[in-house]
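Enquirer: Quick one, what's the 3D model for this:
(chains A, B, C and D)
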2 protein chains.
Amino acid sequence: MTLAGHRQLTGAFSTEALCARILERHRDVVRVQKPRVAIANLARIIEATLKLSNRQGFHATSLRDLSEASGISMGGLYSCFDNKTTLLLMILGEVSATVSEVLGAPPEEVVASPSAHLRWLVDTHVRLTEAMQPWFAFAYMEAKSFPSNARRMAVDSEAATEEIFADVLRRGVANGDFEISDITLTASLIKPLLQDWYVKRAKYRRRNTTIAAYVDAVCAIVEAAVARRRASLPGVSLERLGPEWR
Amino acid sequence: MTLAGHRQLTGAFSTEALCARILERHRDVVRVQKPRVAIANLARIIEATLKLSNRQGFHATSLRDLSEASGISMGGLYSCFDNKTTLLLMILGEVSATVSEVLGAPPEEVVASPSAHLRWLVDTHVRLTEAMQPWFAFAYMEAKSFPSNARRMAVDSEAATEEIFADVLRRGVANGDFEISDITLTASLIKPLLQDWYVKRAKYRRRNTTIAAYVDAVCAIVEAAVARRRASLPGVSLERLGPEWR
DNA sequence: ATAATAAAAGCGAGCGCTCGCTCTAAAAAG
DNA sequence: CTTTTTAGAGCGAGCGCTCGCTTTTATTAT
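Expert: Take a look at the predicted model:
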């Protein structure tokens, strides 16, 4: 899946489109035969799961809650998955697959310049997580407290994203665009800047912060952090604190 | 409580010291009479709660698990709190009280200079969250999925911390040390840089990242982001992406 | 010192309830 | 008619929480 040419993310990342991909990945476990029915039911179930879980947590969301919120009976739920953990894995799997596919396919015109690539990564990451906000919030909050394979999936996915950033930083240092003392650590610190958009979405919505403003702010910080330093900056004192803090 | 003069955070932020403050705040609910006994039991209970909850989540940690891990019977648990939610609130309350007390009391020599104050805030925040790492990880992970008063507490605490940073940034802009286009947004983005240290502590431990290196990296990014810009930086291309992404 | 007594703390089986999950009878679709 | 889907009562396990009882600790009387 490539995103080039899509004017709107909402089409390519609609619940139905994502659930169609989930169905492909979990054919063996979904007992509903007709794909149309299966996708429609999965969509209602997952929409309800994301809504309830992002409010009260996945573990605290019972299958009876889920049944009522989705309008699908207990039996109906269990013809779409074999147990509650599988439902979790369906969502986590779709998130990590999508993020690696999207971020792993930068447009040609961008890969030539590390700084353009960096800006593209920030912009694309924020817009992707906006289009799939409940999915990302869910994956972020629930990954910790679940089975080891799910945790490994989350950690691996995070590490992969970080490595994409590290690669670009490395290339920027190599061609002289960037000046970075610790590439791994810098790449690590870019991630939380991006994650804040969907983890604390409610706060930014309350403040009417636009995506464009957020992307610009993150880009400004990242670009300042990786920029070649021309001379020591005036007005910023670098003196250390007393020894009791070190 | 002020921290000035403490060589080690470990003393002032030991589980016992924190539990003594929790006992003060929840005298009415703790049915154990003697403070020494109450504090000792609270310490064992909360240590077990943090350990188990940070592995599997608070909701998934049963009181039987907690009883076994702490070596205190079911009845014993319920003489230290009246219900499971209160146990959660005890921990969240202690975290938010501590962070506002510590960050709200900067040493005199620091408040004069916004850049020194900023550096002190970053350093102190990271070292405080290191000293109370399981507490902060718990508060961060569990605040979302719990009762509305607990959520409000967490949101308020976060907002207060952010406001402390925004104040310093504002003063730095006022006296000409800093140049910032959107102070609120910049303050918002400093927080996740600090939170990453305790939210993803395992990753940094695996990589042998030291606190000093982390603090320096965050300070470098923050200082670059707020620094007065002398001229447009070379080597960093700022061109925008195609219209399909905007 | 020792024994008697009162107060405090600790214990854990058991209560009512909800959980994840199953299964069969009925409805709907083809 | 056959096949597929749905409905929702029911199951055992495990939950948060309680309460009657035992053990420990502190105080007083001898």
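
Enquirer: Would you map out the domains in chain A?
Expert: A:9-82, A:93-229 (automatic domain parsing).

Enquirer: hmm, the shortest one touching chain B?
Expert: Translated: domain A:9-82. Yes: under the criterion of C-beta under 8 Å from any C-beta of the partner chain, domain A:9-82 makes contact with chain B via A:Gln56, A:Gly57, A:His59, A:Ala60. Using the backbone N, CA and C atoms, a C-beta is placed for each residue, glycine as well.

Enquirer: Among those, find me the one that's closest to A:Leu185.
Expert: A:Gly57 (31.5 Å; C-beta to C-beta).

Enquirer: With adjacent residues omitted, what lies nearest to that closest one?
Expert: What sits nearest to A:Gly57 in space, not counting adjacent residues and going by C-beta to C-beta, 6 or more residues apart in numbering or on different chains, is B:Ser145, at 3.2 Å.

Enquirer: could the domains of chain A go into CSV alongside mean pLDDT, distance to B:Arg228 and mean neighbour count?
Expert: CSV is the format used below for the domains of chain A (pLDDT from 0 to 100; distance: least, C-beta to C-beta, whole Å; neighbours: other C-beta atoms under 10 Å in any protein chain shown):
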stretch, mean pLDDT, distance to B:Arg228, mean neighbour count
domain A:9-82, 94, 37, 17
domain A:93-229, 95, 11, 19
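
Enquirer: So which residues on chain A come close to DNA strand C?
Expert: A:34, A:61-65, A:74-75, A:78, A:82-85 (C-beta under 7 Å from any atom of the strand).

Enquirer: Okay, and which of these map to helices?
Expert: Secondary structure from DSSP state H places A:Leu63, A:Arg64, A:Asp65, A:Met74, A:Gly75, A:Lys84, A:Thr85 of these in helices.

Enquirer: Which one of the residues you listed is nearest to B:Arg207?
Expert: Among these, and counting by C-beta to C-beta, the member closest to B:Arg207 is A:Thr85, at 29.9 Å.

Enquirer: Check whether A:Ser96 really touches A:Ala159, as I assumed.
Expert: No: A:Ser96 is beyond contact range of A:Ala159, at 10.8 Å (criterion: C-beta atoms under 8 Å).

Enquirer: Remind me what the longest helix that chain A contains packs against, helices and strands.
Expert: Secondary structure of chain A read by DSSP H shows that its longest helix is helix A:148-174. Here helix A:148-174 touches helix A:84-103, helix A:114-131, helix A:183-199, going by 3 or more C-beta pairs under 8 Å, 6 or more residues apart in numbering or on different chains; DSSP states H and E.

Enquirer: ok, now which ones touch the closest residue to A:Thr209 other than its chain neighbours?
Expert: Sequence neighbours aside, B:Leu185 is the residue nearest to A:Thr209 in space, at 6.5 Å (criterion: C-beta to C-beta, 6+ apart). Counting by C-beta atoms under 8 Å, 6 or more residues apart in numbering or on different chains, B:Leu185 touches A:Thr209, A:Ala213, A:Tyr214, A:Ala217.

Enquirer: is it true that the second one touches B:Thr184?
Expert: Read that as A:Ala213. No: using C-beta under 8 Å as the test, A:Ala213 is too far from B:Thr184 to be in contact (10.5 Å).
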